[in-house]
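J.: Sequence first, predicted coordinates after that:
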Amino acid sequence: MLPPLRSFLASDRAIREILREARTIALVGIEPDPSSATHRVGRALQGHGYRVLPVHTATKVDEILGEPVFASIDAITEPVDSIVVMQRTADIDSVAAWAHRHGTRVLWLQPGVGDPTAAYAAHRRGLIVVMNRCVAKEYEAQFPEDELL
């Protein structure tokens, strides 16, 4: 039986610190189509000063948002501060395992991605987990006047 979600998901205060401290964010499942919600989130994050590393397993494009596309999270060789999972079919456990091995502190599961069991498993690996909150909307809520930059 899982503990209550609120006992292991990041608090509002923790989310503010996550957003303040992160510089490089891997976006798992970002779409190359500029009209897609995932692409808009990535563009918004870039606009707030983050480096976005696009991860998309099935795309035929080499770049998204001006950054090279990684075919999987395992293809990333540089440090990543946070991983935002945007793809409902993503293997959350594999992403969490990669994060744990590479010293990434945060696993952010966008609304509709993952489930409490996957979130708790990531938490047990030592990750800070955010779930069912949009990273771009949270940034806007935490820094309404873009005070971070």
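T.: Done, it's in.

J.: Flag the shaky bits of this protein, pLDDT-wise.
T.: Scanning the chain for pLDDT under 70 picks out 146-149.

J.: Quick check: beta-bridge partners of the residue nearest the centre of the chain?
T.: In the chain, the centroid-proximal residue (CA atoms, centre = their mean) is V84; its distance is 1.1 Å. Beta bridges link V84 to L27, W108, judged by DSSP bridges.

J.: now the helix or strand encompassing P54: how far from the chain's centre is it?
T.: P54 belongs to strand 51-55 when assigned by DSSP states H and E. Taking CA atoms, centre = their mean, to the nearest Å, one finds strand 51-55 lying 10 Å from the centre of the chain it belongs to.

J.: what's the following helix or strand after that strand?
T.: Counting by DSSP H and E, the next helix or strand C-terminal to strand 51-55 is strand 63-64.

J.: For that following strand, which outside residues touch it?
T.: I30, E31, P32, H39, G42, P54, H56, V69 (CB atoms under 8 Å, 6 or more residues apart in numbering). (C-beta placed from N, C-alpha, C; glycine too.)

J.: switch the cut-off to 6 Å
T.: Strand 63-64 is contacted from outside by I30, P32, P54, using CB atoms under 6 Å, 6 or more residues apart in numbering.

J.: By neighbour count, which of these wins?
T.: With neighbours taken as other CB atoms under 10 Å, the top of these is I30, carrying 28 neighbours.

J.: Contacts only, for that residue.
T.: Neighbouring residues of I30 by CB under 6 Å, 6+ apart: T38, G42, P54, H56, I64.

J.: hmm, which two among these are most spread apart?
T.: Spanning the widest gap among the contacts of I30 are G42 and H56, at 10.7 Å by CB to CB.

J.: Which one's more surrounded, these two?
T.: Remark: of G42 and H56, G42 carries more neighbours, 27 against 21, as counted by other CB under 10 Å.

J.: Name the nearest residue to W98, ignoring sequence neighbours.
T.: In this structure, W98 finds its nearest non-sequential neighbour in I73, 4.8 Å apart by CB to CB, 6 or more residues apart in numbering.
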